[in-house]
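Undergrad: what's the 3D shape of this:
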Amino acid sequence: TEPSREIPGTAPDYMTSSSYEASTAPPSSILAMCRRCPAPGRPRPVRLAALAILRLSRPGAGFGFSAGPASLARPRPGPSLASPAVRIRDVRSFATLEREEVEEVEERRSPDAPPSPRLVKHRIPKVMYQIYKNYLVKLWSETSVESRSTVRKQRLRRSVNSMIELLQRELKDGDGGEDGEDVAAKLSLLEACERLAVPSTSTSSTSSTSSTSSTSSTSSTSESDGSLLRKAKAKPKRSVLRGAIMGAVVALWVFSGNYLYTGLFTLLTVLGQLEYYRMVMQTGVFPARKISVVGACSMFVTALAAPNLHQICLPLFGLFSMAWFLLARRNVSTIPEIATTFTGMFYLGYMPSFWVRVRQLGVREPTRMAPLVAPLLERIGTKAASLPPWIPASFPLPVTQGAIFIFWAWISIAFSDVGAYFAGRNFGNTKLGSLSPDSALGETSPNKTVEGVVGGCLTSALFSTAGAWVMRWPRWWATGPVYGVVLALLGLVGDLTASMLKRDAGLKDFGDLIPEHGGIMDRVDSYIFS
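TA: Here you go, the predicted structure:
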C-alpha cells in the first residue's frame, strides 16, 4: 500500500473486507519465488520483503497483513482501525527478522554444506557459553556433597577387592604350616569381604559360590583396568591445526584488554579449581572447594582492581577456610583436607594471578615490530573509541608492555613443549629419571628424556631471544637465551607437578574439555610456576 492512500484513523476498504484474505492469497509461484529470495546473495531489502511475505502467508497467520503476527506490526491510533497494514518499515526489529532469515536459509541447506559466516558469527558465542556452562555444571556436580558418598563406596569396593585378591593368594600359596585358627580367620575374613564386594541379594551364598564370584569380580576389575589402559594408549594424536588455532585465540586473549583478559582468566580458574578438587576427591580427601574457588577468583579481581591489596587475599581466605573447618563441619577435618584446600588456593589462585599484575606493567613502548602492527592497533583504537561511554576503554585496551612480555613468555613456553616432544622422539635415549635414580622423578613421568629437556630449552631460548630483540631488551643476545632456558625449566617443573598429582589420583587427564588436550589444568600446568 502507498502511504498517500491511507487515511489516518481509518482502515482501507480492502483491509476490512471479509473476502480479502481468501481472494488475495498469493499463488504458489509467488511463494516459490519468495522462498528463493532470502539467499545470502540477494539485496537486503529484497530478502526482508520476501521473508515478511513468507511469514504472513503461513497457515493460520493469514496473508492479508491484517492477521499477521503481532511482533511484525505496530498498531496505529484510531478507533476504527481494525488491523494495521504491515510494510517493511513497520517491522519492529530488523535484527530479529534477519536472524530468523538466516536460520530459515540454514534449514534449507544441505546437511553436508558448511555453515554460512553469518550463522557462525551468531552461533559461536552461544556455543562457547553452552560448552562452558555444561562443563561447569558437570564439574560442580562431580564435586558436590552427594558425590562424596559415591566416591567413598568406590574406594571401599576397590579396597575390598584388593583384600580379597591378597587373601586368596595367601590361602593358595600357603605351605600348610599355619594353624587351623589362622586359616579359619582368613576364611571368615575372606567371606566377609566377599559379602561387601557383591550385591546384598547374594549375601546368602555359600563360601564356594562367594569365592567364585570374588574371582570373577577380580578378573572383571583387572579386565576393566586393562581396557582403561588400552583406552588411554589409544588417545588420538594432537592436531597441529587445532593447536595453531588455539594459539591464535590465546594471542587475541592476551591483547584483548585488562578487563577481558582478567575476566576470562577468572572463568578458566574456576574450571581449573574444580578439576583439581575433583581429582583430590578421587583419593578420598574432601577439601573446602567453595571457599577456595571464591578465594582464587578474588585474587584475580584484586590483582586488577587493587594490586596493592592482592597479596592479602591468600592469608584472608586461609583464615576463612579454617573458620569453616572449625564451625561448619561436624567431624574433625583431617590434615589432607586442610592441606589440599590451601594448595588449591595457592597453586591455582595465588600464583597464576600474578599474570594479571604482569599485564599491567608499563605503558606500551615502541618495539621493532611497531611499524608492522601499527595499522592493526590504529583500527583497534578506532573501534574502542566508538564503544558506548559506559564500556571502559580497558576492555579492548591498552596494549601494555606487560601484554607484549606475556605474549613472548607464553609462546616460548608453548614451543618449548613442542621442541621437547620432537627432540625426545627423535633423539631421546637417556631417561630423565636416570639423573636421580633414588627419587620419584622417573616414576612421575617415565617417558621424558634428557634430550627432550635440552631440545625444549633450546627452542624456548630461540623464541625468547627473538622476543628480547623485538622488545629492545639491553644485551638481548644474552638476556633472551637465559630467560628462555629459565622459562623452559619452570615449565618442566609445572608439568612434572601436574603429572605427580594425576599419578597419585590414578588419572590420565584432569578433564575432557579440550579435544586431544584434556582439561584446563592439562594445558596450563606449564604456566603456573613460570
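Undergrad: could you pull up the mean pLDDT of stretch 516-530?
TA: What stretch 516-530 shows for mean pLDDT is 88.
Undergrad: and the contacts of it?
TA: Contacts with stretch 516-530, where a contact means CB atoms under 8 Å, 6 or more residues apart in numbering, come from 235-239, 242, 246, 268, 271-272, 275-276, 347-348, 351-352, 355, 409-410, 413, 416-417, 487, 490-495, 497-498, 508-514. C-beta: built from backbone N, CA, C; applies to glycine.
Undergrad: could you rerun that using 6 Å?
TA: Stretch 516-530 is contacted by residues 236, 238, 268, 271-272, 275, 351-352, 413, 487, 490-491, 493-495, 498, 509-511, 513 when judged by CB atoms under 6 Å, 6 or more residues apart in numbering.
Undergrad: would you map the helices across the stretch 301-450 of the chain?
TA: All helices of the stretch 301-450 of the chain, identified by DSSP state H, counting those that start in this stretch, fall at 313-327, 335-345, 354-359, 370-385, 401-427, 441-444, 450-470.
Undergrad: mean neighbour count, those helices: which tops it?
TA: Among these, helix 450-470 has the highest mean neighbour count (mean count of other CB atoms under 10 Å), at a mean of 22.
Undergrad: thinking again about what came up before, are any of the contacts of stretch 516-530 buried, and which?
TA: 268, 271-272, 275, 351-352, 413, 487, 490-491, 494-495, 498, 509-511, 513 (16 or more other CB atoms under 10 Å).
Undergrad: related to what we said a few turns ago, of all the helices of the stretch 301-450 of the chain, which lies closest to residue 133?
TA: Across the helices of the stretch 301-450 of the chain, residue 133 has its closest neighbour in helix 335-345 (22.1 Å, CB to CB).
Undergrad: pLDDT (mean, whole number) over the closest one?
TA: Average pLDDT, helix 335-345: 93.
Undergrad: kindly report the same for stretch 469-481.
TA: Averaged over stretch 469-481, pLDDT sits at 92.
Undergrad: list the buried ones in that stretch?
TA: Using 16+ other CB under 10 Å as the burial criterion, the residues of stretch 469-481 that qualify are 470-471, 473, 476, 480-481.
Undergrad: quick one on the thing from earlier: out of the contacts of stretch 516-530, which are inside helices?
TA: The members of the contacts of stretch 516-530 that map onto helices under DSSP state H are 268, 271-272, 275, 413, 487, 490-491, 493-495, 498.
Undergrad: distance to residue 166 for the helices of the stretch 301-450 of the chain - can I get that in JSON lines?
TA: Below are these laid out as JSON lines (distance: least, CB to CB, whole Å):
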{"stretch": "helix 313-327", "distance to residue 166": "35"}
{"stretch": "helix 335-345", "distance to residue 166": "25"}
{"stretch": "helix 354-359", "distance to residue 166": "48"}
{"stretch": "helix 370-385", "distance to residue 166": "65"}
{"stretch": "helix 401-427", "distance to residue 166": "38"}
{"stretch": "helix 441-444", "distance to residue 166": "23"}
{"stretch": "helix 450-470", "distance to residue 166": "39"}
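Undergrad: least reliable of those helices by average pLDDT, please.
TA: Here the helices of the stretch 301-450 of the chain differ in mean pLDDT, and the lowest is helix 370-385 at a mean of 64.
Undergrad: so where is the stretch 51-200 of the chain shaky, pLDDT-wise?
TA: Low-confidence regions of the stretch 51-200 of the chain, defined by pLDDT under 70, span residues 51-52, 54-122, 174-179, 198-200.
Undergrad: ok, residue 148 to residue 528 distance?
TA: 27 Å (CB to CB, to the nearest Å).
Undergrad: the two: which is more packed in?
TA: residue 528 (20 against 13; other CB atoms under 10 Å).
Undergrad: list the contacts for residue 485?
TA: Residue 485 neighbours (CB under 6 Å, 6+ apart): 457, 461.
Undergrad: how close does the closest residue to residue 267 other than its chain neighbours sit to residue 498?
TA: Counting by CB to CB, 6 or more residues apart in numbering, residue 267 lies nearest to residue 132, which is 6.9 Å off, once chain neighbours are set aside. In this view, residue 132 and residue 498 are 22 Å apart by CB to CB.
Undergrad: likewise residue 477?
TA: Using CB to CB, residue 477 is found at 33 Å from residue 498.
Undergrad: please apply the same query to residue 243.
TA: Here the criterion is CB to CB. By it, residue 243 lies 18 Å from residue 498.
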